[in-house]
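Asker: coords please:
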Amino acid sequence: MQGLNGVAKKVYECVPIAETWRAFQVMAAMRHLTGSTPDAQIVSGCLTKLVDAGLIKKTGRDAYQRRAVEQKQKPQEQKMTVVAAMTAPQVEAKPAASPLDLIGELANDIASAGESLKRLAKRAEDVALMVEQDREANAKAMAGYRQLKALLKGLQEGAE
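Answerer: Got it, this is the predicted structure:
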């Protein structure tokens with residue numbers, strides 16, 4: 001939590017523990033909490049960062065749920081829990097995620113990457129159009145400059 005920026009902390013506060021919410025529900029909660037409309041890409045990035053940090057979990061496509069965060073214990077308490085853990089009987093480990101679940105997560109990641117690539121392509125196209133418009137404006141200005149130069153040269157030759 002300490003490494004998160006202010007927006008990510010607000011996104012974290014808006015994700016519930018008891019149920020899973022989609023990104024648009026988190027955005028609506030942020031709008032209610034802060035009074036301003038957050039950018040969808042920023043919220044999506046914060047959610048991804050929070051998932052990577054292990055503070056929230058992604059359950060299905062675009063559904064998020066907050067994980068309960070435990071407070072850090074003091075060093076002396078940590079030593080006591082280590083001793084207690086050593087004497088406690090071994091508990092069975094949770095079964096690993098099924099391959100189908102992993103494939104589903106990969107498909108979601110690929111779909112998200114595809115959407116990001118589409119947005120980037122659109123932005124690149126917009127920039128290319130702006131560059132073309134600037135180039136055309138510069139070409140018109142250069143033609144005007146050449147006409148002016150020719151007129152001035154003609155006036156100069158006529159005055160001599």
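
Asker: The residue positioned nearest the centre of the chain is in what secondary structure piece?
Answerer: Nearest to the mean C-alpha position of the chain, counting by Cα atoms, centre = their mean, stands residue 45 at 2.1 Å. Per DSSP states H and E, residue 45 falls inside helix 40-53.

Asker: Return the set of buried residues in that helix.
Answerer: For helix 40-53, a neighbour-count test (16 or more other Cβ atoms under 10 Å) marks 43-44, 46-47, 49-50 as buried. Any C-beta I mention is one placed from the backbone N, CA and C, and that applies to glycine too.

Asker: List just the nearest of these to residue 110.
Answerer: Minimum distance to residue 110 across the buried residues of helix 40-53 is 15.3 Å, recorded for residue 44 (Cβ to Cβ).

Asker: what residue ranges in this structure score low on pLDDT?
Answerer: 1-3, 69-96 (pLDDT under 70).

Asker: which helix of it spans the most residues?
Answerer: The single longest helix within the chain, with elements called by DSSP state H, is helix 99-159.

Asker: so what does the helix or strand that the helix holding residue 45 is followed by touch, helix or strand wise?
Answerer: For helix 40-53, the following helix or strand on the C-terminal side (DSSP H and E) is strand 56-58. Judged by 3 or more Cβ pairs under 8 Å, 6 or more residues apart in numbering; DSSP states H and E, strand 56-58 is in contact with helix 40-53, strand 63-66.

Asker: tell me which element residue 68 is part of?
Answerer: Here residue 68 is assigned to no helix or strand, by DSSP H and E.

Asker: Quick check: chain neighbours aside, which residue is closest to it?
Answerer: residue 17 (6.2 Å; Cβ to Cβ, 6 or more residues apart in numbering).
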